[in-house]
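J.: sequence? don't have it. structure:
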């Protein structure tokens with residue numbers, strides 16, 4: 001199993017979650033050091049075990065990248081694996097609309113099916129007023145996710161903030177059914193300054209009863225999957241309540257990929273959703289990157305507190321294209 005530079009340190013943000021719905025805590029090793037640019041695309045994932053949705057942004061929504069992580073000693077010599085830095089992870093499991101006085105407010109509990117839609121919302125603080133001052137995390141003030149109850153239809157966008165504190169998220173067409181929408185953010189002032197939050201609400205997408213009730217079976221756990229000709233291979237086994245190393249290696253045509261491009265100040269973005277309750281985990285490398293030289297290996301330190309299946313969405317960029325890989329990971 002691969003490990004990360006001994007210089008890396010692990011910084012853990014407090015997990016404020018109910019004991020019954022613990023979050024999957026992961027630490028992604030940083031893949032180099034330098035700066036990257038922000039792209040304004042909206043990406044979504046379909047129902048296959050791995051999919052890439054590179055939607056042209058018809059709005060100011062942009063895709064986001066994973067929060068960062070450091071790792072284990074001894075990996076600095078591996079291609080694409082630079083010096084690691086501590087990883088940040090948002091507090092909580094993302095299943096509540098309110099936490100510590102901060103609340104995700106939205107006027108609508110339904111969204112139209114089969115067409116691009118705008119979801120408007122605000123984040124209110126303990127004083128009941130909309131928050132307008134947010135810290136920039138991975139080049140964005142807020143990361144927004146949409147996932148259907150069967151863990152399909154993944155979207156990760158960056159909404160637009162208005163002067164009055166209102167946000168607008170532009171979403172690709174949604175299938176009929178129940179969806180959960182997550183907002184990940186860090187206040188830059190007030191009582192919650194510097195604290196990472198993930199808040200969510202559910203919405204209903206009306207449609208024919210048969211369509212709304214038709215859930216796509218969760219693909220079985222697998223050690224590899226392919227998207228756009230790239231193969232992601234997972235090494236490592238996870239057990240609830242125990243720490244284990246996890247490595248995802250990217251290859252193409254049987255050859256290791258070493259040209260991963262910077263994506264929101266990192267080489268990869270990883271989101272995870274727990275089957276059944278949709279508990280959310282977000283991890284992202286905080287180290288800077290070093291040009292178009294990422295890969296082939298992305299190292300993680302995993303401490304899953306809850307057993308069961310987790311649906312992982314790994315996003316990485318090559319030759320200017322963002323790829324979204326979906327993989328089911330089972331935790332014993």
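T.: Thanks, I have the structure now. Small disclaimer: the values here were computed from a predicted structure and weren't measured. Numbers count the residues shown, from 1 in each chain.
J.: mind showing which ranges of this protein have poor pLDDT?
T.: For the chain, applying pLDDT under 70 flags the ranges 1-92, 282-288, 301-305.
J.: which residues in it form helices?
T.: Using DSSP state H, the helices found in the chain span residues 209-213.
J.: In contact with the residue nearest to residue 212 when sequence neighbours are not counted: list those residues for me.
T.: Nearest residue to residue 212, sequence neighbours excluded (Cβ to Cβ, 6 or more residues apart in numbering): residue 176, at 4.1 Å. Just so you know, the C-beta spots here come from the backbone N, C-alpha and C atoms, and that holds for glycine as well. When contacts are counted by Cβ atoms under 8 Å, 6 or more residues apart in numbering, residue 176 touches 113, 205, 206, 207, 208, 211, 212.
J.: how about 10 Å then?
T.: Residues near residue 176 by Cβ atoms under 10 Å, 6 or more residues apart in numbering: 112-114, 148, 204-214.
J.: among those residues, which ones are buried?
T.: Buried residues within the contacts of residue 176, counting neighbours by 16 or more other Cβ atoms under 10 Å: 113, 148, 205, 207, 212.
J.: The residue nearest to residue 212 and residue 308: what is the separation?
T.: Applying Cβ to Cβ, to the nearest Å, the value for residue 176 to residue 308 is 26 Å.
J.: From residue 315, how far off is the closest residue to residue 253 other than its chain neighbours?
T.: Of all residues not flanking residue 253 in the chain, residue 229 sits nearest, at 7.4 Å (Cβ to Cβ, 6+ apart). According to Cβ to Cβ, residue 229 stands 16 Å off from residue 315.
J.: Between the two, which is the more surrounded one?
T.: Legend: neighbour count by other Cβ atoms under 10 Å for residue 229 and residue 315, higher for residue 315 (24 against 11).
J.: wait, that one sits on residue 271?
T.: Yes: judged on Cβ atoms under 10 Å, residue 315 makes contact with residue 271 at a distance of 8.2 Å.
J.: Test my guess that residue 275 contacts residue 147.
T.: No: with contact defined as Cβ under 10 Å, residue 275 does not count as touching residue 147 (11.1 Å).
J.: Quickly list what's touching both of those two.
T.: Between them, residue 275 and residue 147 share these contacting residues under Cβ under 10 Å, 6+ apart: residue 311.
J.: Between those two, point out the one with more neighbours.
T.: Between residue 275 and residue 147, residue 147 has the larger neighbour count (other Cβ under 10 Å), namely 23 against 15.
J.: bridging residues for the more buried one?
T.: Beta-bridge partners for residue 147, by DSSP bridges, are residue 180.
J.: Likewise for residue 317?
T.: Counting by DSSP bridges, the residues bridging with residue 317 are residue 261, residue 322.
J.: And for it, the neighbour number?
T.: Burial of residue 317 is recorded as 25 neighbouring residues (other Cβ under 10 Å).
J.: what about it, distance to residue 123?
T.: 28 Å.
J.: related to what we said a few turns ago, of all the contacts of residue 176, which comes closest to residue 104?
T.: Minimum distance to residue 104 across the contacts of residue 176 is 16.5 Å, recorded for residue 204 (Cβ to Cβ).
J.: Any idea what the closest one is bridged to?
T.: residue 110, residue 178.
J.: So it sits against residue 181, correct?
T.: No: the criterion here is Cβ under 10 Å, and residue 204 misses it with residue 181 at 11.5 Å.
J.: what's the overlap in contacts for those two?
T.: Common contact partners of residue 204 and residue 181 (Cβ under 10 Å, 6+ apart): residue 111.
J.: Excluding covalently adjacent residues, which one is nearest to residue 296?
T.: Closest residue in space to residue 296, ignoring its immediate chain neighbours: residue 256 at 3.6 Å, by Cβ to Cβ, 6+ apart.
J.: Look up how far residue 155 lies from that neighbour.
T.: 30 Å.
J.: if you count what's nearby, which of the two comes out ahead?
T.: Between residue 256 and residue 155, counted using other Cβ under 10 Å, the more crowded position is residue 155 (26 against 13).
J.: neighbours around residue 109, how many?
T.: Residue 109: 9 neighbours (other Cβ under 10 Å).
J.: For it, give me its contacts.
T.: Per Cβ under 10 Å, 6+ apart, neighbours of residue 109: 201, 202, 203, 204.
J.: burial of the closest residue in space to the first one that isn't next to it in sequence, as a residue count?
T.: Counting by Cβ to Cβ, 6+ apart, residue 97 is the residue found nearest to residue 201 once chain neighbours are left out, at 5.2 Å. Under the neighbour criterion other Cβ under 10 Å, residue 97 is assigned a count of 14.
J.: Then the one 4 residues further on?
T.: Counted by other Cβ under 10 Å, the residues lying close to residue 101 total 13.
J.: show me the contacts for the spatially closest residue to it that is not a sequence neighbour.
T.: Computed as Cβ to Cβ, 6+ apart, the closest residue to residue 101 that is not its neighbour in sequence is residue 126, at 3.1 Å. Contacts for residue 126 (Cβ under 10 Å, 6+ apart) come out as 100, 101, 102, 103, 190, 191, 192.
J.: excluding its backbone neighbours, what's nearest the fifth one?
T.: Nearest-residue entry for residue 190: residue 125, 5.4 Å, with adjacent residues in sequence omitted and distances by Cβ to Cβ, 6+ apart.
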